[in-house]
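Participant: Below is the structure, and that's it, no one-letter string:
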Ligand code: ARG
C-alpha cells in the first residue's frame with residue numbers, strides 16, 4: 001500500500017523495514033474502536049464547522065459500512081498497510097474519494113492510537129470482569145455446599161488449625177472481588193479522552209474535545225496534550241491487575257493440584273477437566289490447573305515488557321510505544337483463556353469430605369484449642385501454650401493423639417484439666433467456636449457468602 005507520507009520522500013521504505021515497522025497484524029483487532037473514535041471525531045468536526053455537515057455524514061456512513069464489511073469478512077484486512085488507522089483511512093478514501101481525506105483534520109495517529117487502545121481496554125476489561133464474576137459464582141456454589149466440611153488449615157504447608165472448606169474457598173472469593181475492584185480503579189483513571197491532543201501540542205482548530213469525550217463515554221479529557229499522547233500508565237496498571245488475577249489463579253491452581261494428588265485426595269476433578277497419560281494407565285492429570293499456573297509467567301512477562309518499553313522514553317510519542325499493544329493483548333488473551341475454563345473446573349470439582357476430615361484428625365490440629373481451654377480457666381496463654389507443647393511431645397513419643405490420652409494423664413500435666421476438655425478439642429467444636437469476625441465459624445462463613453453474593 002502506498003504511504004500517506006510518501007510525498008516527502010524520494011525512495012520507498014525498504015520492504016523488510018516496512019514489515020518491521022508495520023503493526024497491522026496485531027492492531028487490526030482495534031478496528032471497531034478505531035472507527036468508533038473516527039465517527040465521534042468527524043461528528044465533532046462538523047459540529048464545530050471545521051468540515052461540512054454533508055461531508056461528515058458521508059464519512060460517518062461509510063465508516064459504518066467499513067466496520068460491517070470488516071466484521072463480515074467482506075473487507076479483508078490489507079496487511080501491507082502500516083497500521084489499522086492507515087488502513088481504515090485509506091479504505092474510506094478509496095470508497096468516498098477526497099471527502100475521506102478530511103477525516104484526519106485536527107488529529108494525529110498519536111492521539112488516535114492513544115484513544116483506540118483506551119477504548120479497546122475498556123471493552124476488554126468489562127469482559128474480564130464478567131468472567132471473574134462467573135468464577136465467583138463457582139466459588140459460591142462450592143462454598144455453600146461445604147459450609148460445614150472440615151479440613152486442615154495450613155501454615156508452612158503443615159497442618160495448623162481446623163477450618164471449613166467453604167472458608168478456604170472464600171479466601172479466593174475475597175481475592176477475586178479485589179481483582180474486579182482493581183480493574184475498575186484502573187479503568188476509572190484511564191477514562192479520559194486523549195483525542196485532540198494531536199501530534200503532541202494540540203491544534204490550531206477550534207475543536208471541542210469535551211464533545212468527543214462525551215460521545216465516547218469518557219469522564220473527561222486528558223488535560224495536557226503531551227501527556228495525552230505519551231501516557232501508557234493505564235496499560236501498566238491494567239497489566240498489573242491482570243498479573244494479580246493470574247497470581248490468584250495460580251495459587252488456586254496449585255492447591256487444586258495438591259488437593260487432587262493421592263497424597264491429599266481432598267478433591268476429585270471432573271474427568272472433563274483432566275487428562276490421561278500416554279503411558280501410565282492409572283493417571284488422571286490436572287493439566288488445566290497446571291496450564292493456568294504456567295501461563296501466569298507469560299502475563300508477568302507482559303507486565304515486565306511494558307514497564308521496560310516505557311522506561312527512559314523521552315516525551316512525547318516514540319515508535320517504541322507501538323510495543324505496548326502486543327504485551328497487553330497477550331495478557332488479555334491469556335487471562336480470558338484461563339477464565340474461560342477455570343470457573344467450570346472449580347464448579348464441577350468434587351470435594352471428598354471424609355479425606356479432609358481424616359487429614360484434620362492426625363496432626364494435633366486442635367492443640368491451639370487445648371491451650372485456649374486452659375487459658376479460659378485462668379492460665380496465662382503463654383503458660384498454657386507451653387503445657388500443651390509438652391503434651392504434644394508426650395503424644396509423639398507414645399504414638400498417640402490428643403484425643404487418646406486419659407484425663408488422668410492430662411491432670412498430670414495440669415490439674416485444671418477436666419473431662420470437658422474432650423469437647424473443646426472435638427474438631428467440629430473447634431471450628432464452631434471460632435466465633436471471631438472473619439473466622440472459620442459458620443456465622444462468619446455465611447456472612448462471607450452474603451458479601452460475595454451482594455458484591456455480584
Ligand atoms: N501504529 C502506531 C502505534 O501503534 C500508531 C501511531 C503512529 N504514530 C506515528 N507517529 N508514527 O503506536
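Facilitator: Received the coordinates, thanks. All figures in this text were calculated on a predicted structure; none of them were measured in a lab.
Participant: So which bits of the stretch 51-200 of the chain are right by the ligand?
Facilitator: Contacts of the stretch 51-200 of the chain with the ligand, taken as CB under 6 Å from any ligand atom, map to 83, 109, 110, 113. All C-beta spots, glycine's among them, are computed from the backbone N, C-alpha and C.
Participant: Quick one: which of those is the most crowded by neighbours?
Facilitator: Most neighbours among these, by other CB atoms under 10 Å: residue 113, with 25 neighbours.
Participant: which residues touch that one?
Facilitator: Residues in contact with residue 113 (CB atoms under 8 Å, 6 or more residues apart in numbering) are 27, 83, 85, 321.
Participant: Which pLDDT does the model give it?
Facilitator: In this prediction, residue 113 carries a pLDDT score of 98.
Participant: Switch the contacts of residue 113 over to JSON lines; also include distance to residue 372.
Facilitator: Converted to JSON lines, these look like this (distance: CB to CB, whole Å):
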{"residue": "27", "distance to residue 372": "61"}
{"residue": "83", "distance to residue 372": "66"}
{"residue": "85", "distance to residue 372": "67"}
{"residue": "321", "distance to residue 372": "59"}
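Participant: Quick check: what element follows the longest helix that the chain contains along the chain?
Facilitator: The longest helix of the chain (DSSP state H) is helix 109-145. Later in the chain than helix 109-145, the nearest helix or strand by DSSP states H and E is strand 150-155.
Participant: thinking again about what came up before, next, the buried residues of the longest helix of the chain.
Facilitator: For helix 109-145, burial by neighbour count (16 or more other CB atoms under 10 Å) applies to 109-122, 124-125, 128, 131-136, 138-140, 142-143.
Participant: Residue 352 and residue 266 touch, don't they?
Facilitator: Yes - under the criterion of CB atoms under 8 Å, residue 352 makes contact with residue 266 at 6.0 Å.
Participant: Looking at the two, which is more packed in?
Facilitator: Here residue 352 and residue 266 are compared on neighbour count by other CB under 10 Å; more neighbours surround residue 266, at 25 against 17.
Participant: for the more buried one, what are its contacts?
Facilitator: 151, 165, 259, 260, 351, 352, 355, 356, 359.
Participant: What subset of these is buried?
Facilitator: Applying 16+ other CB under 10 Å to the contacts of residue 266 flags 151, 165, 259, 260, 351, 352, 355, 356, 359 as buried.
Participant: element containing the last one, please.
Facilitator: Element membership for residue 359 (DSSP H and E) is helix 353-361.
Participant: Quick one, grab the pLDDT at residue 66.
Facilitator: pLDDT, residue 66: 98.
Participant: Without its sequence neighbours, what residue ends up closest to it?
Facilitator: residue 91 (5.6 Å; CB to CB, 6 or more residues apart in numbering).
Participant: what number of residues lie near the one you found?
Facilitator: Quick note: residue 91 (other CB under 10 Å) scores 21 neighbours.
Participant: May I have the secondary structure class of the residue of the stretch 301-450 of the chain found nearest the ligand?
Facilitator: As assessed by CB to the nearest ligand atom, the ligand sits closest to residue 322 within the stretch 301-450 of the chain, at 3.7 Å. Under DSSP: H, G, I helix; E, B strand; the rest coil, the three-state class of residue 322 is helix.
Participant: Doesn't residue 400 belong to a strand?
Facilitator: No - counting by three-state DSSP, residue 400 falls outside a strand, being coil.
Participant: Point me to the helix or strand that includes the nearest residue to it once chain neighbours are set aside.
Facilitator: Closest residue in space to residue 400, ignoring its immediate chain neighbours: residue 394 at 7.9 Å, by CB to CB, 6+ apart. Residue 394 belongs to helix 381-397 when assigned by DSSP H and E.
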